[in-house]
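> need the 3D shape of this:
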Amino acid sequence: MRTVPALLCATLALVALALLPGCGSSPKPRDLIVYEAQADGVTNVHTIDPRNGASRQITHGTSFDGSPAWSPGRNRIVFSSRRDGQSKHDLYTMDPDGRNVSRLTDTPDAGEWSAKFSQDATQIAYVRDASDGWSVWLMRPDGSEQRRLAGPYPFAEYPSWAPGGRELYFAAIMTAPAGAPAAMSHIYSVDLATGAVRTRIDTGGTDACPHFSRDGKWLTYAAAVAGGEYDSASNLDLFAHDLSSDDTTGAHDVALTDDPARDDYGNASPDGTQMIFVSDRAGNAELYLMDRDGSHQRRLTNTPEVRENVPDW
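Numbers count the residues shown, from 1 in each chain. Below you'll find the predicted structure:
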């Protein structure tokens with residue numbers, strides 16, 4: 001049975017939540033969560049203030065603007081889009097208000113997703129979907145020096161920069177055996193210098209969406225541990241893995257959520273005391289908050305006609 005370690009509980013008990021907005025103050029980028037929201041088949045990028053739930057739509061496309069993530073200085077947002085009429089998704093950056101858009105990739109025969117800035121803002125990691133499969137790539141923030149780092153695989157998503165910036169963690173389906181009822185993703189790392197790939201989390205079910213705690217001690221991920229197949233995303237829960245452990249099975253990892261609906265894409269707040277995540281527990285994909293030990297789970301959005309996803313804090 002997975003439980004929260006006593007030491008972690010004791011530490012978290014000392015953390016005060018008090019994030020109250022100042023009277024009449026406008027939210028700064030450092031206060032905001034960026035995410036995608038889909039309504040009537042169209043996806044756009046929004047920001048939301050977790051202190052009061054005030055949201056703002058910052059792209060106004062008619063197809064897909066999504067998969068957003070902050071730069072370390074919170075002065076740019078990288079996102080995936082078909083805004084220029086292309087059939088595949090390319091990567092762009094923009095200011096926090098949606099202005100000053102700059103295109104980074106232009107690959108008519110491939111699509112790019114799940115981009116993340118490195119901690120020092122010198123590189124962007126992302127996945128590319130091409131005819132040979134899904135691969136993990138790197139480039140400079142201006143779109144130059146694009147290079148494949150890992151893959152191709154039957155599927156890959158959500159590269160995340162490990163503490164120190166020398167490795168990327170990502171979720172992937174490495175093989176899709178012929179005749180198998182379903183293929184499942186697991187979490188891997190790739191060394192930027194050597195290209196060596198290692199298994200990091202393989203619970204036996206689906207493992208996805210790796211992210212790191214702000215102190216660099218924990219890996220959070222979503223998993224359908226009880227034999228969950230790749231097409232059983234409705235059973236995902238969120239877990240925390242101690243990065244000092246060599247165990248890859250998830251047997252000793254901390255259960256942060258325990259809900260029969262999908263809980264996915266947990267992402268830490270800048271101060272490390274909270275997490276934003278996506279859940280279908282109310283019958284629709286909505287944003288929720290919780291403390292970093294999984295306690296005090298509460299709903300942030302209530303939009304039955306809109307599906308929120310991939311929040312970055």
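> rest of the way, CA atoms for contacts and neighbours
Noted.
> any low-confidence regions in the stretch 201-313 of the chain?
For the stretch 201-313 of the chain, the stretches flagged by pLDDT under 70 are 225-234.
> identify each buried residue in stretch 85-104, please.
Neighbour counts over stretch 85-104 (16 or more other CA atoms under 10 Å) mark 88-98, 103-104 as buried.
> keeping just the C-alphas, turn that stretch into CSV.
Taking Å, rounded to 0.1, in the frame of the first residue of the first chain, the C-alpha atoms of stretch 85-104 are listed here in CSV:
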residue,chain,number,x,y,z
GLY,A,85,-2.9,26.9,-41.9
GLN,A,86,-0.5,24.0,-41.8
SER,A,87,-1.8,20.4,-41.5
LYS,A,88,0.8,19.6,-38.8
HIS,A,89,1.6,21.3,-35.5
ASP,A,90,4.6,23.6,-35.3
LEU,A,91,6.1,25.3,-32.3
TYR,A,92,5.9,29.0,-31.5
THR,A,93,6.7,31.4,-28.6
MET,A,94,4.7,34.4,-27.5
ASP,A,95,4.6,37.0,-24.7
PRO,A,96,2.4,36.2,-21.6
ASP,A,97,-0.4,38.3,-23.1
GLY,A,98,-0.3,36.4,-26.4
ARG,A,99,1.5,39.1,-28.4
ASN,A,100,4.8,39.0,-30.3
VAL,A,101,4.4,35.5,-31.7
SER,A,102,7.6,34.0,-33.1
ARG,A,103,7.6,30.7,-35.1
LEU,A,104,10.3,28.2,-34.2
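> per-residue confidence averaged over it?
The average pLDDT within stretch 85-104 is 96.
> ok now it, how far from the chain's centre?
Computed by CA atoms, centre = their mean, to the nearest Å, the chain-centroid distance of stretch 85-104 equals 18 Å.
> before we move on, what about stretch 238-257?
17 Å.
> can you list contacts of that stretch?
2-5, 199-204, 216-223, 237, 258, 263-266, 293-295 (CA atoms under 8 Å, 6 or more residues apart in numbering).
> and these, which of them are in helices?
Residues of the contacts of stretch 238-257 located in helices (DSSP state H): none.
> filter those residues to the buried ones?
Buried among the contacts of stretch 238-257 by 16+ other CA under 10 Å: 200-204, 218-223, 237, 263-266, 293-294.
> in this structure, what residue spans correspond to helices?
6-13.
> show residues contacting stretch 84-103.
Contacts for stretch 84-103 (CA under 8 Å, 6+ apart): 29, 58-59, 74-82, 104-113, 115, 143.
> of those, select the buried ones using a ChimeraX command.
Listed next is the ChimeraX selection for buried residues among the contacts of stretch 84-103, using 16+ other CA under 10 Å:
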select :29,58,59,74,76,77,78,79,80,81,82,104,105,106,107,110,111,112,113,115,143
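> keep only those of the contacts of stretch 84-103 that are in strands.
Using DSSP state E, the members of these that fall within strands are 77-81, 111-113, 115.
> would you turn the residues you listed into a markdown table with distance to Y35?
Below are the ones in strands among the contacts of stretch 84-103 laid out as a markdown table (distance: CA to CA, whole Å):
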| residue | distance to Y35 |
| --- | --- |
| I77 | 10 |
| V78 | 11 |
| F79 | 10 |
| S80 | 12 |
| S81 | 13 |
| G111 | 19 |
| E112 | 17 |
| W113 | 14 |
| A115 | 13 |
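> now the two most distant members of these.
I77 and G111 (18.1 Å; CA to CA).
> hmm, A110 and V127 touching each other?
No - shown here, V127 and A110 do not form a contact pair, counting by CA atoms under 8 Å, at 10.1 Å.
> show me the shaky parts of the stretch 1-150 of the chain.
1-26.
> try it again with 90
1-31, 85 (pLDDT under 90).
> can you give me the strands for it?
Applying DSSP state E, counting those that start in this stretch to the stretch 1-150 of the chain gives strands spanning 33-39, 42-48, 55-57, 65-70, 77-81, 90-94, 102-103, 111-117, 124-130, 133-139, 147-153.
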